[in-house]
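S.K.: Sequence and predicted model, in that order:
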Amino acid sequence: MNILIVSENLLYGGLETRMQDFSSYCTARGHSAWFAVNNFDEEFNRNLGVQKVTHGIGMAFYSSANQMCRVVDKLCAIIREHNIDLVEAHPFNSILPAVLAANAMRKPVVITIHWAAN
C-alpha cells in the first residue's frame, strides 16, 4: 500500500515524531509512505531515514480559494505520480486540502487529530 501523509510541517516535535514512527512502521511491513508538507528540516529527517518528501506545498491558514486549488492540484499530482492508495491528513491547515485531494482522486482519507487535550 502506498500512503501519503499530509501535514504542515515535518520538523521537530510530537506530531512529526508520530508521523515518522508511522512511516517506519509502514515501511517495515512492506508499505511505502510519502510526505507532503510545507516546512521540512532536511538534515533532521535524513538522520531518521525520511526520504520521500515533497515540501513547499503551500498550505496556510490564510489561503485564498486560488491558493487552496493550487495546493489540492499539487496533492492530486503526488497521489497520481506515486499511485497513492490512502491519504492521512494531520492538523491543522493541511486537513481541508488533503480531504479535497483524496476525494477528487477517489482515495480513502484518514484524519488524525492532534491537540492539547489528546
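M.R.: Arrived safely.
S.K.: only C-alpha atoms for contact and neighbour calcs from this point on.
M.R.: Fine.
S.K.: residue ranges for the helices of this structure, please.
M.R.: Read by DSSP state H, the chain holds these helices, from start to end of the chain: 14-28, 42-47, 65-81, 95-104.
S.K.: Of all these, which one is nearest Thr54?
M.R.: Ranking the helices of the chain by proximity to Thr54 (CA to CA) places helix 65-81 first, at 8.3 Å.
S.K.: So which other helices or strands are in contact with the closest one?
M.R.: Contact here means 3 or more CA pairs under 8 Å, 6 or more residues apart in numbering; DSSP states H and E; on that basis helix 65-81 packs against helix 95-104.
S.K.: avg pLDDT for the helix it packs on?
M.R.: Helix 95-104 carries an average pLDDT of 96.
S.K.: So for that helix, what gets flagged as buried?
M.R.: Neighbour counts using 16 or more other CA atoms under 10 Å place 95-102 of helix 95-104 among the buried residues.
S.K.: contacting residues around that helix?
M.R.: Contacting residues not belonging to helix 95-104 are listed as 6-7, 59, 68, 71-73, 75-76, 86-89, 108-109, 111 [CA atoms under 8 Å, 6 or more residues apart in numbering].
S.K.: What subset of those is buried?
M.R.: Neighbour counting by 16+ other CA under 10 Å classes 6-7, 59, 68, 71-73, 75-76, 86-89, 109, 111 among these as buried.
S.K.: Rank the residues you listed by pLDDT and give me only the lowest.
M.R.: Between these, the one the model trusts least by pLDDT is Met59, at 83.
S.K.: what about that one, distance to Val109?
M.R.: With the distance defined as CA to CA, to the nearest Å, Met59 ends up 17 Å from Val109.
S.K.: how close does the residue lying closest to Leu75 once chain neighbours are set aside sit to Arg18?
M.R.: The shortest distance from Leu75 to any residue other than its chain neighbours is 6.0 Å, reached at Ala101 (CA to CA, 6 or more residues apart in numbering). In this structure, Ala101 lies at 22 Å from Arg18, with CA to CA as the measure.
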